[in-house]
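K.L.:
could you work out the structure for the sequence below:
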Amino acid sequence: MDLSKTHIQLVERVYKTLELNIAEFKARKGNSLTLAEKVLYGHAKDVSDISLNRGEDFGDFLPDRVAMQDATAQMALLQFMQAQLPETAVPTTVHCDHLIQAYEGANSDLQVANKTHKEVFDFLRTASEKYNIGFWGPGAGIIHQVVLEQYAFPGGMMIGTDSHTPNAGGLGMIAIGVGGADAVDVMAGMPFNTKIPKLIGVKLTGTLSGWTAPKDIILKVAEILTVKGGTNAIVEYFGEGTESISTTGKATITNMGAEIGATCSIFPFDKKGEEYLESTGRGDIASLAKENMHLLTADDDVVNNPNDYFDQVIEINLDNLEPHIVGPHTPDLARPVSKLKNDALDNSYPLKISNALIGSCTNSSYEDIGRAAFIAREAAKKGLKSKVPLMVTPGSEITRATIERDGYLKDLEAIGATVLANACGPCIGQWKRDDIEDGESNTIVSSYNRNFPARNDGNKETLSFIGSPETVIGLALGGTLEFDFLNDTLVNEEGEEVKLSPPTAEELPPEGFASTLEGFVQPKEDSEVEVVISPDSERLQVLTPFDEFNAKNYLEMTVIMKAVGKCTTDHISPAGKWLRFRGHLENISQNLFIGVNNAFSEESGTGINTLSNEVMTLPDLAKTYHENNINWIAIGDENYGEGSSREHAAMEPRFRGCKVVLVKSFARIHEANLKKQGILPLTFEDKADYEKIEQNDKLTIKNLENLSKGSKVTVSIQKEDGSVVDIDTSHSLSEEQISWFESGSALNYIKSN
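P.N.:
Numbering: from 1, shown residues only. Okay, here's the model as predicted:
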């Protein structure tokens, strides 16, 4: 079967299941349903038994597909290989978009990436061929843009090993970013287990016009909800204002829902969705979706009385919405563009813009580039050029070929733009800069999604501001944060004062999208493919299954560290230079806990070796304990493991001998990842007990033989003086997850069942 697209037969099966599950769930609830409820609960493993307790209980769901980008796919595929299955249980794709560094331009940068990362790309390609996975090679496009163009469909559910997977919500999907271990479960035929999200409704009225773009909607939502306001919630957009927004514009909004912590975001299916499906060669799916609109939109009473159905409701009038820009250092520091000048002066931000960047998975559609090209075309006619380096990232080869055919790239290049590879590039830090020194304060503007310190170029002193592509082009032509393109004028080469015109552009190409699948590799049927991993590789390593449960390993465990304050996955397993070791568990384990603030040592990332009383880096300490067969426990503070979904933050401790992580509270994804790797995640019943644990204590889990769903776990603390203190802890393992724990990991359980 052709794996370059979603087939109508899959969509038909999904709609039949939704019809049955929605009817049963509505009867249980006894009320109307939001769109998010229809699609999410429509994918429940057992809709008759799934909890209605939003924001508290966990549930099992059955996604329709999995997508992985190249950085996270390495470890996910290495784990899947352990399951010893012939192919994935659901349609799956791999997209090579993260490992291409932006420097000189598309062709040169792609050549460098293919040489530098050849062994990784070869591994991903051959593993994809062996396990019947669709493979999109380097340059084929950014994962989320390709998914929207080829695979997304209204009413579907997918998970992806990237936090911006919710991009597909623009086409009415429940699309959730997860860690690689979650993806492996689904690829192996197991359900996706997650906390049942709360519901936030965003009512849109009015219509966007002038310079205002869909990006401005999510920037406004981020200002309202802040970076944490959407945590453990699905954001559902509704109201007549949604009908005027293009599908790719909706995807921009759902993509950046990750910046407010949302599980995902979703829009109803409408005429715009129908047009997008038809334009991307999926007219059969468009027709089927039209016939099933009742499954793909919220019930009327929800739209008319939203406060009765959502945990929180926000209303935004698009008629009054101004172009916004957010930053620096956080996506919820927002202001209208008209107030940027004064804000920049008041805060002493560097006014001169050093670089302007358009594209990324958030804003690289035909419409996005078209509106930016309109401004560039008009600017060139008026004798203007960009006053700063301007870089453009097309979202996919299909989009790139189309905008080249239609003249958009030429328009942008005419004002000085450099076209980068169809990849993530500077949006994820893959950007080689020669124009500034490390530590030099400077300002950049982009149409990307994230802007925390060092995100784009590794320099913590780069102040990154985010706006729409239109806003970025406008500021690039002015060259400074002081330029208000809405009201100010510029002086051209002839000394004339000129004013920029509001952009207009087609949402979809009138001549259709270019027909190309360049970079896609279809698995060969009946082919005995050998997965390519060199035994001498520093970047890839075949995994060895973790040991099964042994109660003796939970007696008198050593405390390796006690994290104080914020302890994110970046503290536990940082990225940066470690990105190249994503496929080599032993090598990447040399970053374990390197950013942790440990209560038992003065310098972050260090701990005390209880064997020698020597202060060591925590990675070296974990390695020492591992080599000496010492079982250990890690202690954490509130929201332990927040941030990225990377499973390395759970795999590394397990590899080095961690048996238990005991904290005040967990971040959702990290707790799930610990469970999958066979580490027992426990929380203090009394958070004050955190203070009772000291460096030289030995901790024993007393009643593991009686572990069951909802049971309490007693932890016995043996002090240096021989005294013993017992404390109560709790766990959130389901009965099936207890089976994972007893098997040693979720993968061990899969193999044995």
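K.L.:
what ranges do the helices span in the stretch 551-700 of the chain?
P.N.:
569-572, 585-588, 618-627, 648-655, 668-677 (DSSP state H, counting those that start in this stretch).
K.L.:
list the buried residues for the second one?
P.N.:
Applying a neighbour-count criterion of 16 or more other CB atoms under 10 Å, the buried positions in helix 585-588 are 585, 587, 588. Where you see a C-beta, it was placed from the backbone N, CA and C, and this is true even at glycine.
K.L.:
look at residue 686 and say how many residues are nearby.
P.N.:
By other CB atoms under 10 Å, 11 other residues sit near residue 686.
K.L.:
to clarify, my last question referred to residue 350.
P.N.:
There are 18 residues near residue 350, going by other CB under 10 Å.
K.L.:
the one 10 residues further on too?
P.N.:
Residue 360 is surrounded by 29 other residues when neighbours are defined as other CB under 10 Å.
K.L.:
ok, and the closest non-adjacent residue to it?
P.N.:
Among residues not flanking residue 360 along the chain, residue 427 sits closest, at 4.0 Å (CB to CB, 6 or more residues apart in numbering).
K.L.:
one step back: output the helices of the stretch 551-700 of the chain as TSV; include the columns distance to residue 388 and mean pLDDT.
P.N.:
Listed next are those as TSV, based on distance: least, CB to CB, whole Å; pLDDT from 0 to 100:
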stretch	distance to residue 388	mean pLDDT
helix 569-572	30	91
helix 585-588	37	97
helix 618-627	41	98
helix 648-655	37	96
helix 668-677	37	89
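K.L.:
for residue 637, find the nearest of these.
P.N.:
Nearest to residue 637 among the helices of the stretch 551-700 of the chain is helix 569-572 (10.7 Å), distances taken as CB to CB.
K.L.:
so where do the helices sit in the stretch 301-450 of the chain?
P.N.:
340-346, 366-381, 397-405, 408-414.
K.L.:
quick one on the thing from earlier: reformat the helices of the stretch 551-700 of the chain as CSV; add distance to residue 241.
P.N.:
Listed next are these as CSV, based on distance: least, CB to CB, whole Å:
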stretch, distance to residue 241
helix 569-572, 36
helix 585-588, 45
helix 618-627, 50
helix 648-655, 39
helix 668-677, 31
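K.L.:
now for those, which one comes closest to residue 182?
P.N.:
Using CB to CB, the helices of the stretch 551-700 of the chain put helix 668-677 closest to residue 182, at 6.6 Å.
K.L.:
low-confidence ranges, the stretch 451-600 of the chain, go.
P.N.:
The model of the stretch 451-600 of the chain has pLDDT under 70 over residues 526-527.
K.L.:
tell me the spacing between residue 278 and residue 398.
P.N.:
Distance of residue 278 to residue 398, computed by CB to CB, to the nearest Å: 15 Å.
K.L.:
of these two, who's got more company?
P.N.:
Just comparing residue 278 and residue 398: by other CB under 10 Å the higher neighbour count belongs to residue 398, 25 against 16.
K.L.:
the more buried one: what's it in contact with?
P.N.:
With contacts defined as CB atoms under 8 Å, 6 or more residues apart in numbering, the neighbours of residue 398 are 141, 149, 513, 514, 516.
K.L.:
next one: residue 223
P.N.:
Contacts of residue 223 by CB under 8 Å, 6+ apart are 324, 326, 332, 333, 334.
K.L.:
7 Å instead, please
P.N.:
332, 334 (CB atoms under 7 Å, 6 or more residues apart in numbering).
K.L.:
mind checking which helix or strand it is in?
P.N.:
Using DSSP states H and E, residue 223 sits in helix 214-225.
K.L.:
ok, the nearest residue to residue 540 once chain neighbours are set aside to residue 643 distance?
P.N.:
If the residues on either side of it in the chain are set aside, residue 540 comes closest to residue 583, at 4.2 Å by CB to CB, 6+ apart. Distance of residue 583 to residue 643, computed by CB to CB: 21 Å.
K.L.:
does residue 140 really touch residue 397, like I thought?
P.N.:
Yes - between residue 140 and residue 397 there is a contact under CB atoms under 7 Å: 5.5 Å.
K.L.:
between these two, which contacts overlap?
P.N.:
Joint contacts of residue 140 and residue 397 (CB under 7 Å, 6+ apart) are 422, 518, 519.
K.L.:
show me what contacts the first one?
P.N.:
So that's residue 422. 139, 140, 141, 142, 394, 395, 396, 397, 400.
K.L.:
per-residue confidence for the second one?
P.N.:
We note a pLDDT of 97 for residue 140 in this prediction.
K.L.:
using CSV, lay out the shared contacts of residue 140 and residue 397 together with distance to residue 389.
P.N.:
Formatted as CSV, those follow (distance: CB to CB, whole Å):
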residue, distance to residue 389
422, 19
518, 27
519, 27
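K.L.:
tell me, how many residues neighbour residue 510?
P.N.:
Residue 510 has 7 nearby residues by other CB under 10 Å.
K.L.:
low-confidence ranges, this structure, go.
P.N.:
For the chain (pLDDT under 70), the answer is 526-527.
K.L.:
center of it, which residue is that?
P.N.:
With distances taken as CA atoms, centre = their mean, residue 163 lies nearest the centre of the chain, 0.6 Å away.
K.L.:
what residues are up against the residue lying closest to that residue once chain neighbours are set aside?
P.N.:
Spatial nearest neighbour of residue 163, chain neighbours left out: residue 177 (4.0 Å); criterion: CB to CB, 6+ apart. Counting by CB under 7 Å, 6+ apart, residue 177 touches 160, 162, 163, 164, 165, 166, 258, 645.
K.L.:
wait, residue 440 sits on residue 460?
P.N.:
No - between residue 440 and residue 460 there is no contact under CB under 7 Å: 10.5 Å.
K.L.:
residues touching the nearest residue to residue 267 once chain neighbours are set aside, list them.
P.N.:
Distances taken as CB to CB, 6+ apart put residue 250 closest to residue 267, at 4.4 Å, once the chain neighbours are dropped. Applying CB under 7 Å, 6+ apart to residue 250 gives the contacts 170, 214, 267.
K.L.:
on that earlier part again, of the helices of the stretch 551-700 of the chain, which is nearest residue 299?
P.N.:
Taking those one by one with CB to CB, helix 668-677 is closest: 28.1 Å.
K.L.:
appreciated, that's everything.
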